[in-house]
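*Asks:* sharing a model prediction with you, sequence too.
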Amino acid sequence: MVNSIAQSQASETATTSRSLDEQTFVRGLVERGEAAYLGKDGKLPPGATHEIVGRGPDGLPIVRRLRFAIR
């Protein structure tokens, strides 16, 4: 019984960490200018690698990778 409680708590912690990691990743994309809306021509601006396709319930952008950047 104690093991199942510990596993449940570990699972919840992993889910929370994953969400925090995802939030950090998306915020970083936005801050660096790597996430943007498509322009009127249907293309991403220079330097952007991810398209913003919407907003989540927490207001954080939902992104989709369209290209890679090699630095």
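*Replies:* Structure's in. What do you need? Residues are numbered from 1 along each chain as shown.
*Asks:* use CA for all of it now, contacts and neighbours both
*Replies:* OK.
*Asks:* please name the bridge partners of residue 62.
*Replies:* On the basis of DSSP bridges, residue 62 is bridged to residue 54.
*Asks:* now do the strands in the protein.
*Replies:* Secondary structure of the chain (DSSP state E): strands at 35-36, 50-55, 61-65.
*Asks:* figure out which of the ones you listed is closest to residue 26.
*Replies:* Nearest to residue 26, of all the strands of the chain, is strand 61-65, at 7.2 Å by CA to CA.
*Asks:* what angle separates the closest one from strand 50-55?
*Replies:* 140 degrees (axes from the mean of the first three to the mean of the last three CA atoms, to 10 degrees).
*Asks:* for strand 61-65, packing partners?
*Replies:* In terms of contacts (3 or more CA pairs under 8 Å, 6 or more residues apart in numbering; DSSP states H and E), strand 61-65 is packed against helix 2-32, strand 50-55.
*Asks:* cheers, nothing more for now.
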